[in-house]
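Participant: Starting from these lines, generate the structure:
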Amino acid sequence: MADIILMDIVMPGIDGIEASKIIIDKYNDAKIIIITMHNEKVFLEQLINTGIKGYIHKDELFDRISGAIESVLQGEYCFPEVVPL
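Facilitator: The predicted structure follows:
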């Protein structure tokens with residue numbers, strides 16, 4: 001099993017949320033960070049409920065990726081401080 005998985009939402013065949021659900025069902029301790037352009041509150045709540053450990057908006061990817069990986073590997077969550085309504 002990988003130490004951490006970086007998952008895009010838009011993928012051919014199956015979306016990243018469904019793929020993440022499958023992985024987490026099989027490997028409960030999977031550490032997945034979603035990388036996406038979506039930032040709606042309902043969408044983020046769905047990610048959290050799925051068991052995703054982190055989220056990075058694509059516009060912030062290069063600024064936040066190192067810190068996000070480090071936080072998630074230490075058992076923390078990595079979600080934006082401000083979630084749009």
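Participant: quick one: terminal-to-terminal distance for stretch 22-42?
Facilitator: Taking C-alpha to C-alpha, to the nearest Å, stretch 22-42 runs 21 Å from one end to the other.
Participant: Can you point out the buried residues in that stretch?
Facilitator: 23-24, 30-36, 39 (16 or more other C-beta atoms under 10 Å). The way it works is simple: take the backbone N, C-alpha and C, and place the C-beta from them, glycine included.
Participant: In the chain, where is pLDDT below threshold?
Facilitator: 82-85 (pLDDT under 70).
Participant: hang on, the earlier thing: of the buried residues of stretch 22-42, which belong to helices?
Facilitator: 23-24 (DSSP state H).
Participant: Tell me which stretches of the protein form helices.
Facilitator: In the chain, the segments counted as helices under DSSP H are 16-26, 41-50, 61-73.
Participant: nearest to residue 8, of those helices?
Facilitator: helix 16-26 (5.4 Å; C-beta to C-beta).
Participant: Can you name the residues in contact with that closest one?
Facilitator: With C-beta atoms under 8 Å, 6 or more residues apart in numbering as the test, helix 16-26 has contacts from 5, 7-11, 30, 32, 34, 36, 46-47, 50-52.
Participant: Perfect, that will be all.
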